[in-house]
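1. Got a predicted structure plus its sequence, pasted below:
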Amino acid sequence: MFRSALRLVRPDPATDNDILSVHPPAHLARVKTLDALGEGALDYGDTPAYRGVLHRALVAVGGTLLATCMVADGEVAHAFNPGGGLHHAYADRAAGFCPFNDTVIAIRLLQREYGYRRIAVLDLDGHHGDGTQALLYQEQVLYLSLHRYDGHFYPGTGAASEVGEGEGAGYTLNLPLERGTGPAEYLRLLDTIALPKIREYRPDFIFVQVGVDSHREDPMVRLGLETITYRHIAQRLDQLAHEVCDGRLVAVAGGGYRPEAVARCWAVFLGTLAGLFGSEDDPALLRLTDPIAAQQLVGQTISS
């Protein structure tokens, strides 16, 4: 079943020209230098340098570019890059484990090669996508973010008052969340504010950053989403994408700091987009979302 619904493709690394569509030559040169050195930090100390960091970053960007082209060319309706979501990278500096900003590089590709002008980015990571916001802040690309915010929580940006500047005024929408925000309030904000804003904007293409550090088990963010919440989010986004832009949606992964929860949440999100689960009581879905049901299913399998 999985092979018929999902297609696995291997991206080529992004080229220097891809990176330079967003980042200045000095930034790319710095990453190359520190990659060769194999030590130090790409930023103030949060993003370590090591031998291979450049290749890993270029493959992450290449994956998002490949996903974007496959969707824009009509080869697939949706695509997911588990290596992408590097939303803290600014034009001239790395931040938060993010050397280059793959989503904005892909946006520049869509603008340059496909002529798309109405592009929406929905950022679900528990940390605000400060780099993506900064890069898009003065243009009419719609950027929406749901994230934990109290003025101090990393990266310290993402207040509701940040709405864009110049030609981009009104095209940034931040929905700050308090610690512990659970599924009901999160989905309410999606249903009443974020998704209607995207629907009103009528994008040609949608990116979603599926940071799963908003999960209740994540040790860093301390929001309260359940694993099943990512199915409910995916269902909404699938419906919206088909409604407003012929299904064109690229998902990139983003943050998550409890590996077991990350694997389950991404599997639920991707499986829902791919139509792998028949219903909420599908045994495959229950194994991912309900620990008690998972134990029961294991017991039934052993006993039979």
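-> Looks like it came in fine.

2. Just give me the neighbour total for the nearest residue to Gly126 once chain neighbours are set aside.
-> In space, and not counting its chain neighbours, Gly126 is closest to Val221: 3.3 Å by Cβ to Cβ, 6 or more residues apart in numbering. Glycine gets a C-beta too; all of them are placed from N, C-alpha and C. When neighbours are counted by other Cβ atoms under 10 Å, Val221 registers 25.

3. Tell me how far Val221 lies from Leu146.
-> Per Cβ to Cβ, to the nearest Å, Val221 is found 11 Å from Leu146.

4. So in the chain, where's the weakest helix or strand by average pLDDT?
-> Taking mean pLDDT, DSSP states H and E as the measure, the chain has helix 291-303 as its least confident helix or strand, at a mean of 44.

5. ok so, going back, what is the three-state secondary structure of the residue nearest to Gly126?
-> For Val221, the assignment made with DSSP: H, G, I helix; E, B strand; the rest coil gives coil.

6. Tell me which residues touch the most centrally placed residue in the chain, please.
-> Centroid-nearest residue in the chain: Gln209, 1.5 Å away (criterion: Cα atoms, centre = their mean). Listed by Cβ atoms under 8 Å, 6 or more residues apart in numbering, the contact partners of Gln209 are 85, 87, 103, 121-125, 129, 132, 251-254.

7. Let's see that with 6 Å instead.
-> 85, 87, 123, 125, 252, 254 (Cβ atoms under 6 Å, 6 or more residues apart in numbering).

8. Please indicate which of those are buried?
-> 85, 87, 123, 125, 252, 254 (16 or more other Cβ atoms under 10 Å).

9. So the first one sits against Gly255, correct?
-> The one in question is Gly85. No. Using Cβ atoms under 6 Å, Gly85 is not in contact with Gly255; the gap is 7.3 Å.

10. Find the nearest non-adjacent residue to Ile6, please.
-> Actually, residue 6 is Leu rather than Ile. Ala274 (5.4 Å).

11. how about the helices of the stretch 1-150 of the chain, start to end?
-> In the stretch 1-150 of the chain, the segments counted as helices under DSSP state H, counting those that start in this stretch are 2-5, 16-20, 25-37, 53-72, 102-109, 130-136.

12. Turn the ones you listed into TSV, including mean neighbour count and distance to Ala263.
-> Output for the helices of the stretch 1-150 of the chain, formatted as TSV (neighbours: other Cβ atoms under 10 Å; distance: least, Cβ to Cβ, whole Å):
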stretch	mean neighbour count	distance to Ala263
helix 2-5	9	15
helix 16-20	15	29
helix 25-37	15	28
helix 53-72	22	18
helix 102-109	26	21
helix 130-136	24	25
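
13. To Ser279, which of these lies closest?
-> Proximity to Ser279 (Cβ to Cβ) singles out helix 2-5 among those, at 15.8 Å.

14. that older thread, quick check, nearest of the buried ones among the contacts of Gln209 to Pro155?
-> For those, the nearest to Pro155 is His87 (9.9 Å; Cβ to Cβ).

15. hang on, isn't the closest one packed against Gln133?
-> No. Contact criterion Cβ under 6 Å: His87 and Gln133 do not qualify, at 8.4 Å.

16. just the strands in the protein please.
-> 78-81, 119-123, 142-148, 172-177, 205-209, 249-252 (DSSP state E).

17. Give me whichever of these is most buried.
-> Most buried of these, by mean neighbour count (mean count of other Cβ atoms under 10 Å): strand 249-252, with a mean of 28.

18. quick one on the thing from earlier: you'd agree the residue nearest to Gly126 is up against Asp213?
-> Yes. Assessed by Cβ under 6 Å, Val221 is found in contact with Asp213 at 4.5 Å.

19. Quickly list what's touching both of the two.
-> Counting by Cβ under 6 Å, 6+ apart, the contacts common to Val221 and Asp213 are Gly126.

20. what about stretch 173-183, start to end distance?
-> Stretch 173-183 has its terminal residues 20 Å apart, counting by Cα to Cα, to the nearest Å.

21. what's in contact with that stretch?
-> If you take Cβ under 6 Å, 6+ apart as the criterion, stretch 173-183 is touched by 144-146, 148-149, 158, 160, 162, 189, 197, 222-226, 229.

22. at 7 Å what do you get?
-> For stretch 173-183, contacts defined as Cβ atoms under 7 Å, 6 or more residues apart in numbering pick out 144-149, 158-160, 162, 189, 193-194, 197, 222-226, 229.

23. Can you say which of those are buried?
-> Of the contacts of stretch 173-183, these count as buried by 16+ other Cβ under 10 Å: 144-149, 158, 162, 189, 194, 197, 222-226, 229.

24. Lovely, talk soon.
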